[in-house]
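**Q** Here is my input; please provide its structure:
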Amino acid sequence: MSLDINLYRDRLNAYKVSGEEGKIDFIKKQILDDFMGNPSHEEVKISNVTRDVHIVSEGQKGIRLLCKPNEDINAGEYIIWNNRYFLCTYRFPDDKVQTKGTIQECNHTLKWINKNDQLITRPCIEVARTLYTTGVKDEKVIEIPNGMVGIQLPYDEETKQLNRGDSFVFNKTKYKVTFYDEATYKGLVILICTEEAQASHLDDMVNEIADRWVQTPNGKVDRLPWLDNQQPPEEEIPTDPIEGITYTITSIDKYGSINVSEIFGGDWAKYTIHKLIDGVEVAGVFTFAIDNTNLATITSSTDNTVTITAKNVTRGGDVKLTVTDTETNQVAIEQNIKILEY
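**A** The predicted model follows:
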């Protein structure tokens with residue numbers, strides 16, 4: 001929807017030219033007179049309070065939200081509009097007549113466990129290129145290097161406890177906070193997170209929660225025992241190849257995709273094991289097993305291939321494929337496969 005922004009500018013200019021404080025109330029009344037009937041009128045929730053606002057799309061400059069006179073929006077507040085979460089990234093300083101802010105849609109929900117072992121979730125803005133606040137004159141820009149992501153969050157009692165070195169899991173990858181900034185953008189916390197080589201056996205990759213389990217002398221302790229009945233993943237202990245023997249795995253699914261790590265319910269993927277001695281591939285004979293037949297089954301196999309078909313389930317999960325070399329009786333490959341709901 002479009003707003004007659006020129007009308008608003010004319011009214012504001014009238015105030016600025018006259019310099020009369022009494023004009024402010026007059027302009028506010030003019031705005032209120034046509035506020036609800038304006039085509040840009042929307043009903044949203046700001047910090048869970050229902051508000052009437054005008055929303056104006058300004059192209060590359062982003063989305064501007066204009067409050068009714070005498071109502072506020074601040075940087076760091078959440079806006080729920082059409083069942084989607086937005087974050088106010090900037091409040092304009094000129095608020096004599098009405099408060100205005102720039103908003104941006106949240107594209108991810110970040111999860112972490114706080115110092116009291118409480119699960120915290122926050123909608124956030126995640127970007128992998130350039131992080132900046134639209135609509136701000138002389139705005140500061142943060143360039144994000146390759147292999148990193150930038151996160152914008154509200155500055156609140158939970159986010160201000162975050163520190164460099166804290167970890168998150170999202171996009172099926174573990175990240176560690178390497179940059180924390182609560183000063184550049186008022187009302188916001190900026191995180192730059194670096195991709196880790198691999199997740200830990202203490203991370204919950206199903207629910208995307210880093211460091212869910214704590215290693216103790218008596219075993220692993222679940223910090224979120226109420227969440228589900230999931231068991232922590234086994235710690236992967238690297239083994240040296242036997243007499244120069246190494247193994248690799250390739251895969252393809254029914255759609256022709258390769259390097260398959262996910263299978264939707266009712267679909268299949270075929271995995272091929274390659275055995276190499278001193279870098280030269282040789283024929284190998286293997287046995288295959290999966291650890292969760294409630295989610296998937298082995299529907300066919302040859303000496304070095306196996307086809308796994310996902311069941312039609314209403315809740316997905318992980319299946320571990322274990323491949324054993326019959327010649328050496330050693331585990332050649334352990335492959336985690338995510339089964340998704342159909």
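**Q** What does the residue lying closest to residue 203 once chain neighbours are set aside show for phi and psi?
**A** Spatial nearest neighbour of residue 203, excluding adjacent residues (Cβ to Cβ, 6 or more residues apart in numbering): residue 210 at 5.2 Å. Every C-beta, even on glycine, is put in place using the N, C-alpha and C of the backbone. Backbone torsions of residue 210, given as degrees, to the nearest 10, read phi -70, psi 150.
**Q** what's around residue 130, how many residues?
**A** 10 (other Cβ atoms under 10 Å).
**Q** So which bits of stretch 310-329 are buried?
**A** Going by neighbour count (16 or more other Cβ atoms under 10 Å), the buried part of stretch 310-329 is 310, 311, 313, 316, 317, 319, 321, 323, 324, 325.
**Q** what does stretch 56-70 give?
**A** Applying a neighbour-count criterion of 16+ other Cβ under 10 Å, one finds 56, 62, 63, 64, 65, 66, 67, 68, 69 buried in stretch 56-70.
**Q** What of stretch 333-342?
**A** Quick answer for stretch 333-342 (16+ other Cβ under 10 Å): 333, 335, 337, 338, 339.
**Q** Could you give the bridge partners of residue 174?
**A** Beta bridges link residue 174 to residue 169, judged by DSSP bridges.
**Q** Can you report phi and psi for the residue lying closest to residue 160 once chain neighbours are set aside?
**A** Setting aside the residues directly before and after it, residue 160 is nearest to residue 182 in space (Cβ to Cβ, 6+ apart), at 6.6 Å. Note on residue 182: its backbone torsions stand at phi -110, psi 10 [degrees, to the nearest 10].
**Q** and residue 182, what is it in contact with?
**A** 155, 160, 188, 189, 190 (Cβ atoms under 8 Å, 6 or more residues apart in numbering).
**Q** how far away is it from residue 156?
**A** From residue 182 across to residue 156, the span is 11 Å (Cβ to Cβ, to the nearest Å).
**Q** Low-confidence regions, the stretch 1-150 of the chain specifically.
**A** Within the stretch 1-150 of the chain, the ranges that satisfy pLDDT under 70 run 1-28, 30, 32-33, 59-61, 131-142.
**Q** what residue lies at the spatial centre of this structure?
**A** residue 108 (3.5 Å; Cα atoms, centre = their mean).
**Q** which SS state does the nearest residue in space to that one that is not next to it in sequence fall under?
**A** Leaving aside its chain neighbours, residue 108 sits nearest to residue 126 (4.3 Å; criterion: Cβ to Cβ, 6+ apart). Following DSSP: H, G, I helix; E, B strand; the rest coil, residue 126 is assigned to strand.
**Q** For residue 126, grab the count of nearby residues.
**A** Counted with other Cβ under 10 Å, the neighbours of residue 126 add up to 20.
**Q** Which residues are in contact with it?
**A** Counting by Cβ under 8 Å, 6+ apart, residue 126 touches 107, 108, 110, 149, 150, 151, 170.
**Q** just residue 263 next, same as before
**A** By Cβ under 8 Å, 6+ apart, the residues touching residue 263 are 253, 269, 296, 308, 309, 310, 337, 338, 339, 340.
**Q** Mind pulling the model confidence for it?
**A** Confidence at residue 263, expressed as pLDDT, is 92.
**Q** One more: the one 10 residues further on?
**A** For residue 273, the pLDDT comes out at 94.
**Q** Can you list the residue ranges for strands in the stretch 51-200 of the chain?
**A** Per DSSP state E, counting those that start in this stretch, the stretch 51-200 of the chain has strands spanning 63-67, 78-81, 84-91, 100-105, 108-113, 119-127, 130-131, 142-143, 148-154, 167-170, 173-181, 188-195. These are given in chain order.
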